[in-house]
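**Student:** Here's my sequence, what's the structure:
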Amino acid sequence: MIIGFCFAGVLGFLVEICLIKAGIFLGLGAIIPRFVSLPAAIAATFLTNRFISFSNYSPVRGAEIVAYFLAMLVGASFSFILYSSLIIMAVRVDLSLAIATICTAILNFVMSRKLLMQKDR
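**Tutor:** This next block holds a predicted model:
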């Protein structure tokens, strides 16, 4: 379970860094692209955690996706604030994202496990 969760985290990080770098390339800066990269990373980790980390193969329901996104908002908000603060302090984008991602991983694991382990919710 932990290995699957770490895999999902790495996948989410890769989704985010690619979207942030694309946003920087398009001239949007390092913070604005996070409004797109963060929800994309949450979607990627939702699917990876649900099917791989927690082996829940029952059909995905809309309410489950909404509950997951709402639960992840706490960690995402913290991550966004930490990342933005580091960017403002002139820390490199990749390092800022890595620090923010690692700092929220435990919180997100606990919330993900609670939501996704229950097969009949």
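
**Student:** Name the residues that touch stretch 7-24?
**Tutor:** Residues outside stretch 7-24 that contact it (C-beta atoms under 8 Å, 6 or more residues apart in numbering): 29-30, 32-34, 36-38, 40-42, 44-45, 48-49, 52-53, 93-94, 97-98, 101, 105, 108. The way it works is simple: take the backbone N, C-alpha and C, and place the C-beta from them, glycine included.

**Student:** Pull out the buried members of the residues you listed.
**Tutor:** 30, 33-34, 37-38, 41-42, 44-45, 48-49, 52-53, 93, 97-98, 101, 105, 108 (16 or more other C-beta atoms under 10 Å).

**Student:** give me the number of residues near the nearest residue to R113 once chain neighbours are set aside?
**Tutor:** Leaving aside its chain neighbours, R113 sits nearest to F54 (7.0 Å; criterion: C-beta to C-beta, 6 or more residues apart in numbering). Residues lying near F54 (other C-beta atoms under 10 Å) number 20.

**Student:** packing partners for the worst-scoring helix or strand of the chain on mean pLDDT?
**Tutor:** Within the chain, no helix or strand scores below helix 93-116, which has a mean of 84 by mean pLDDT, DSSP states H and E. The contact analysis (3 or more C-beta pairs under 8 Å, 6 or more residues apart in numbering; DSSP states H and E) places helix 93-116 against helix 2-25, helix 62-88.

**Student:** can you pull the buried residues of it?
**Tutor:** For helix 93-116, the neighbour count (16+ other C-beta under 10 Å) marks 93, 96-98, 100-101, 104-105, 107-109, 111-112, 115-116 as buried.

**Student:** same question, stretch 49-66
**Tutor:** Buried, per 16+ other C-beta under 10 Å, within stretch 49-66: N49, R50, I52, S53, F54, N56, E64.

**Student:** if we take the residues you listed, which one ends up nearest to M89?
**Tutor:** Set against M89, the nearest of those by C-beta to C-beta is N49 (31.1 Å).

**Student:** Do I have it right that the closest one meets I2?
**Tutor:** No: counting by C-beta atoms under 8 Å, N49 does not reach I2; the two are 11.4 Å apart.
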